[in-house]
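# fold the stuff below for me.
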Amino acid sequence: MGAARPKRTRCVWLVVLLSLLTMSLFPASSRAASNPAYQARAEQLLRILSAPGGEEAYFSSLFLDAVPVDRWRTIAADLRAQHGEPLALGAVRTDSATAGQVEIRYERATMGFTLVVAPQAPHMVVGLHIVGARTANDSLDKVMADIADLPGATGFAIAQLTDSGPQWLRAHRADVQMATGSSFKLYILAELARAAAARERRWSDVMPLGPKSFSGRLMAWPDRAPMTLHSLATAMIAESDNSASDTLLAALGRDRVDAMMATTGHADAAKALPILSTAEAFALKMPANADLRRRYEAASLADRRGLLRDATARLTADRVDLGSVAEIPTAIDSIEWFASPKDVIGLLDWLRLHGGDALPILAVNPGIPPADAKRWRYLGYKGGSEPGVMAMNMLAQARNGRWYAISASWNNPAARLDETKLVALMTRALNLLAE
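Sure thing, here's the model as predicted:
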């Protein structure tokens, strides 16, 4: 149910000596390569990617121990199959005399690599990592069309955030209420930020962990373990930890979290309320609770609230059998957390203006490959996923200071989703906006 960290798409580890995930793909502060040995290895990369041969003279023995020649040739062939033939060396940037980033222009895309060479002659390549791809002749309209073509139903919106409100740049079914999975945790974060700003709470306040839910790191922690509100919020957003979110929902008060929907301009709160805990939502999806689910689906808002109070004992995490709902979409049109892309962008805009210490928490997990995230001055993310449901929501500040929000939801009640497809599409959208 939680989307702790999306799967990386087309991001193949080839690094041997160094972990270079935090490198930016051609950040503005990088300087042109000035080391002749590094420049030479960058130029030779085009040939190594183009056809088999010469690997032993290019890669160090340590690299080839980890990535044998046959494996390398398969990777290079896969890149050619996906992007066409490599055509030319693009930009080369260095972070030191031995490490930097290299662009290779293929027929259908420009690929970015981090390249690391040994400091001593003959400066063999000791590390190589694919960090991103930009599709040739790509556009936001093409991204929107690809999102619309995903099987099932999708909603998508991009807005520039201004003093006068969101200015809509692209929209596809942006007013439609969609199942959004763990995206609801943004409302909990917003209420916590509001309470902290009003001095009703402090981020450093300590509270006991619980009620715990299924899945997530904190599920295995001791009951009632003392945790700060800041630590709980970070686990809830960066890891999508369900125990953290259920603890905060109970501590802050469901009524106050529900009120944040109106505060941030949710267009159909009657469909979305009350905000369910993760334990309640998935307990309602259980076959053993089919009677409760039918009553909940048919009830008014007041009656839904009453049912949650009266059936508390049947709606706890220990009543959730994940095997019953982990493989197929279950009640995603009725027992869910609903919002439209425009609703979520309104929420992200509220957090931009009032989030305070919530903003660094949103930025812990950027939701896309780090090299792509580094194109932005700031990138905050929260998504959600479960069988048949996926959502990705980004708050971004460009290097020129402009703010943007992007929200996409994908629902299919008939089948599981290929989550890597939406990650790739959202990465494309963000890269295009960052240019």
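# give the buried residues for the helix or strand hosting residue 432.
Following DSSP states H and E, one finds residue 432 within helix 419-434. For helix 419-434, a neighbour-count test (16 or more other CB atoms under 10 Å) marks 419, 421-434 as buried. C-betas here are computed from N, CA, C, even on glycine.
# okay, who's weakest in those by pLDDT?
The lowest pLDDT within the buried residues of helix 419-434 belongs to residue 424, with 84.
# so where's this protein shaky on pLDDT?
The chain contains residues with pLDDT under 70 at 1-34, 371.
# mind giving me the domain split of it?
31-135, 140-434 (automatic domain parsing).
# out of the ones you listed, deepest packed?
Of all the domains of the chain, domain 140-434 has the most neighbours on average by mean count of other CB atoms under 10 Å, namely a mean of 20.
# kindly check the end-to-end length of that domain for me.
This stretch, domain 140-434, spans 12 Å end to end (CA to CA, to the nearest Å).
# heads up, I number from 33, so please use that
Will do, 33 is the new start, and the previous item becomes domain 172-466.
# list the contacts for the closest residue to residue 258 other than its chain neighbours?
Nearest residue to residue 258, sequence neighbours excluded (CB to CB, 6 or more residues apart in numbering): residue 238, at 5.0 Å. Residue 238 is in contact with 258-260, counting by CB atoms under 8 Å, 6 or more residues apart in numbering.
# now residue 238: how far from residue 314?
Counting by CB to CB, to the nearest Å, the gap from residue 238 to residue 314 is 28 Å.
# which parts of the stretch 83-232 of the chain are helices?
Shown for the stretch 83-232 of the chain, the helices assigned by DSSP state H, counting those that start in this stretch span residues 87-90, 93-98, 101-115, 172-180, 217-229.
# export the last one to CSV, keeping only CA atoms.
To tie it back to what came earlier, the one meant is helix 217-229. Provided in CSV are the C-alpha atoms of helix 217-229 (Å, rounded to 0.1, in the frame of the first residue of the first chain):
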residue,chain,number,x,y,z
LYS,A,217,-0.3,11.2,4.2
LEU,A,218,0.4,14.7,2.7
TYR,A,219,-2.8,15.8,4.6
ILE,A,220,-1.4,14.5,7.8
LEU,A,221,1.9,16.3,7.1
ALA,A,222,0.0,19.5,6.4
GLU,A,223,-2.0,19.4,9.6
LEU,A,224,1.3,18.7,11.6
ALA,A,225,2.9,21.7,9.9
ARG,A,226,-0.2,23.9,10.7
ALA,A,227,-0.1,22.8,14.3
ALA,A,228,3.6,23.5,14.6
ALA,A,229,3.2,27.0,13.1
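# quick check: next helix or strand after that helix?
Per DSSP H and E, helix 217-229 leads on to strand 238-240 as the next helix or strand towards the C-terminus.
# list the neighbouring strands of that following strand plus their orientation.
strand 258-260 (antiparallel) (DSSP bridges).
# what comes into contact with the strand it pairs with?
The contact list for strand 258-260 (CB under 8 Å, 6+ apart) reads 235-241, 279.
# what sits against residue 352?
Shown in contact with residue 352 (CB under 8 Å, 6+ apart): 246, 311, 314-315, 318.
# wait, residue 395
410-413.
# do residue 301 as well
290, 293-294.
# for residue 210, state which of these is nearest.
residue 293 (14.8 Å; CB to CB).
# with adjacent residues omitted, what lies nearest to the closest one?
Residue 293 sits nearest to residue 301 (CB to CB, 6+ apart), 4.6 Å away.
# wait, doesn't residue 202 sit right on residue 189?
Yes: here residue 202 lies in contact with residue 189, judged by CB atoms under 8 Å, at a distance of 6.8 Å.
# which SSE is residue 439 in?
Per DSSP H and E, residue 439 falls inside strand 435-443.
# by contact count, what packs against that strand?
strand 185-194, strand 210-211, helix 373-386, strand 421-429, helix 451-466 (3 or more CB pairs under 8 Å, 6 or more residues apart in numbering; DSSP states H and E).
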